[in-house]
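> Have a look; sequence and predicted model below, questions after that.
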Amino acid sequence: MSYVEVPGTKVPIRMWADPATVEDGAMQQLRNVATLPWIKGLAVMPDVHYGKGATVGSVIAMQGAVCPAAVGVDIGCGMSAVKTSLTANDLPGDLSRLRSKIEQAIPVGRGMHDAPVDPTRLHGFATSGWEDFWGRFGGVADAVRFREERAVKQMGSLGSGNHMIEVCLDQSGTVWLMLHSGSRNIGKELAEHHIGVAQKLPHNQGLVDRDLAVFVSDTPQMAAYRNDLYWAQEYAKYNRAIMMALFKDVIRKEFKKARPVFEQEISCHHNYVAEERYEGMDLLVTRKGAIRAGSGDFGIIPGSMGTSSYIVKGLGNAKAFNSASHGAGRRMSRNAAKRHYTVRDLEDQTRGVECRKDSGVLDEIPGAYKNIDQVMDQQRDLVEVVAKIKQVVCVKG
């Protein structure tokens with residue numbers, strides 16, 4: 001579909017979702033965003049749903065300002081995927097051992113490594129910039145009093161919620177590795193700290209929603225936020241890269257005879273800020289639950305723990321600020337999913353997938369998410385499909 005334009009106070013709301021199917025709370029959030037004095041454009045992805053301040057699944061372009069809540073609290077959250085030389089014929093009939101080995105190598109939930117991962121010992125991991133990255137830790141930790149030991153030990157760990165690690169098969173039977181994670185707890189703490197700072201600034205008093213407080217250019221508060229934001233985005237990128245290296249090591253050990261080879265990794269943020277230029281204006285573009293889909297950009301759009309995911313290539317649609325959805329998007333809250341579904345439902349909806357099937361992940365049941373194929377159909381003018389993949393192993397926090 002092409003987009004539908006809904007009137008907004010300062011800018012029209014361009015929607016790649018059917019407005020009639022978007023929950024009232026999310027529609028109100030979009031209207032609120034469209035009132036911000038600094039806004040120059042708003043694009044809404046087909047996976048849009050209610051969030052904190054700004055919806056998940058929105059792309060907000062502003063001039064001279066940035067809204068921390070329009071980035072999200074898991075700064076730099078995103079996806080990584082890699083195609084392998086393995087095929088379905090290389091996989092054992094019982095995949096429980098493989099799932100166990102992945103869980104042993106990569107801490108999940110609130111877990112962290114007992115000792116920091118040494119990236120120099122990881123096969124093929126690019127360590128350039130690593131020392132400089134950690135050298136800048138003090139500049140961000142002062143804001144939240146976050147211990148470096150904890151941040152280092154959490155590096156290369158999954159987290160919980162919708163974060164996952166998967167072994168997938170494409171339609172030709174080729175094995176793909178895929179994972180989803182972000183900046184762990186330090187990104188969340190930095191985001192919440194800066195949202196609190198922004199809410200107290202004089203120019204944000206009287207906004208329609210205090211969670212839409214912004215920082216404006218050429219102020220010390222903006223400089224401090226962007227410093228911490230870009231560091232957290234880098235943390236998230238390193239976190240996924242280390243997990244993928246650990247994931248590959250598990251695959252190498254478990255499939256020694258097959259001697260697996262890995263193609264170049266695809267990696268993309270979906271909660272972040274980028275400086276981009278549209279219609280002659282230099283803008284700060286926040287993608288919250290959206291990926292960059294510039295012409296030729298590779299991206300990953302996952303479904304749920306029991307449905308297909310997509311490897312895509314961007315079509316460079318400037319009307320959407322060169323963006324696409326970050327996944328299927330939730331159609332019901334976590335609490336609603338727990339009330340509505342049972343563990344038996346989870347077992348039925350994840351049949352054929354080696355994964356947890358207990359009440360601890362019931363809020364991640366596929367039925368709590370929108371139909372990924374419908375979401376993909378709604379953004380045919382944003383991306384083209386490179387590969388459709390389906391998990392056979394799914395590791396959750």
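Right, received. Where do you want to start?

> so the residue nearest to the spatial centre of the chain bridges to which residues?
The centroid of the chain falls nearest to Gly78 when counting by CA atoms, centre = their mean (3.1 Å). As for beta bridges, Gly78 partners with Ser181, His269 under DSSP bridges.

> Give me the three-state assignment for Ala387.
Per DSSP: H, G, I helix; E, B strand; the rest coil, the secondary structure class of Ala387 is strand.

> quick one: contacts for it?
By CB atoms under 8 Å, 6 or more residues apart in numbering, the contact list for Ala387 reads Lys83, Asp170, Gln171, Trp176, Tyr310, Ile311. Bear in mind the C-beta positions are built from the backbone N, C-alpha and C, glycine included.

> now it: how far from Asp170?
5 Å (CB to CB, to the nearest Å).

> Could you tell me which residues touch both of the two?
Common neighbours of Ala387 and Asp170 (criterion: CB under 8 Å, 6+ apart): Lys83, Trp176.

> Confirm Asp345 sits in a helix?
Yes. Judged by three-state DSSP, Asp345 forms part of a helix.

> Arg339 versus that one, what's the distance?
Computed as CB to CB, the Asp345 to Arg339 distance reads 12 Å.

> So these two - more neighbours on which side?
Between Asp345 and Arg339, Asp345 has the larger neighbour count (other CB atoms under 10 Å), namely 15 against 10.

> correct me, but that one touches Ala368?
No. Counting by CB atoms under 8 Å, Asp345 does not reach Ala368; the two are 10.2 Å apart.

> Can you report how many residues neighbour Val167?
By other CB under 10 Å, the residues close to Val167 number 26.

> Give me the phi and psi for it.
phi -100, psi 120 (degrees, to the nearest 10).

> cool, Ala337 as well?
The phi and psi torsions at Ala337 (degrees, to the nearest 10) take the values phi -60, psi -40.

> What are the boundaries of the helices in the stretch 251-397 of the chain?
Under the criterion DSSP state H, counting those that start in this stretch, the stretch 251-397 of the chain contains helices at 334-340, 343-349, 372-377.

> so which of these is the most packed in?
helix 372-377 (a mean of 18; mean count of other CB atoms under 10 Å).

> what's that one in contact with?
Contact with helix 372-377 is made by 1, 46-47, 301-304, 307-310, 325, 327-329, 385, as judged by CB under 8 Å, 6+ apart.

> May I see the PyMOL selection of the buried members of these?
Of the contacts of helix 372-377, the buried ones go into a single PyMOL selection, burial set by 16 or more other CB atoms under 10 Å:
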select buried, resi 46+47+301+302+303+304+307+308+309+310+325+327+328+329
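
> Which pair in the contacts of helix 372-377 has the greatest spatial separation?
Using CB to CB, the contacts of helix 372-377 span at most 21.8 Å, a distance reached by Met1 and Ser304.

> Stretch 377-387: end-to-end distance?
In stretch 377-387, first residue to last residue: 15 Å (CA to CA, to the nearest Å).

> Can you mark which positions in it are buried?
Within stretch 377-387, the residues that count as buried by 16+ other CB under 10 Å are Gln378, Gln379, Leu382, Val383, Val386, Ala387.

> Mean confidence (pLDDT) on it, please.
Per-residue pLDDT values across stretch 377-387 average out to 98.

> With stretch 109-117 instead?
For stretch 109-117, mean pLDDT rounds to 94.

> Below-threshold pLDDT in the stretch 201-350 of the chain: ranges please.
Within the stretch 201-350 of the chain, no stretch has pLDDT under 70.

> Just the strands from it, written as ranges.
215-216, 266-269, 271-278, 281-288, 290-292, 298-301, 308-314, 323-325 (DSSP state E, counting those that start in this stretch).

> And for the first one, what's in contact with it?
Under the contact criterion CB under 8 Å, 6+ apart, strand 215-216 has outside partners 38, 64-66, 68, 194, 198, 201, 203, 221-222, 225-226.

> Report the distance from that strand to the chain centre.
Its chain's C-alpha centre and that of strand 215-216 lie 24 Å apart, by CA atoms, centre = their mean, to the nearest Å.

> What pairs with that strand, parallel or antiparallel?
As assigned by DSSP bridges, strand 215-216 forms pairs with strand 65-66 (antiparallel).

> Quick one: distance of the strand it pairs with to the chain centre.
Computed by CA atoms, centre = their mean, the chain-centroid distance of strand 65-66 equals 21 Å.

> Also stretch 89-99?
The chain centroid and the centroid of stretch 89-99 are separated by 27 Å, computed with CA atoms, centre = their mean.

> Stretch 337-347 too?
From the chain centre to the centre of stretch 337-347 is a distance of 24 Å (CA atoms, centre = their mean).

> pLDDT of whichever strand or helix holds Val197, averaged?
Per DSSP states H and E: Val197 is located in helix 184-199. Mean per-residue pLDDT for helix 184-199: 93.

> what helices or strands is that helix leaning on?
Applying 3 or more CB pairs under 8 Å, 6 or more residues apart in numbering; DSSP states H and E, one finds that helix 184-199 contacts helix 137-144, helix 148-154, helix 220-254.

> Return the most buried member of these.
Sort the helices and strands packed on helix 184-199 by mean neighbour count, taking mean count of other CB under 10 Å, and helix 220-254 sits at the top with a mean of 20.

> wait, doesn't Ala337 sit right on Asp363?
Yes. Applying CB under 8 Å, one finds Ala337 in contact with Asp363, separated by 4.8 Å.

> Reformat the strands of the stretch 201-350 of the chain as JSON lines; add distance to Arg121.
Listed next are those as JSON lines, based on distance: least, CB to CB, whole Å:
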{"stretch": "strand 215-216", "distance to Arg121": "39"}
{"stretch": "strand 266-269", "distance to Arg121": "21"}
{"stretch": "strand 271-278", "distance to Arg121": "29"}
{"stretch": "strand 281-288", "distance to Arg121": "34"}
{"stretch": "strand 290-292", "distance to Arg121": "31"}
{"stretch": "strand 298-301", "distance to Arg121": "27"}
{"stretch": "strand 308-314", "distance to Arg121": "29"}
{"stretch": "strand 323-325", "distance to Arg121": "36"}
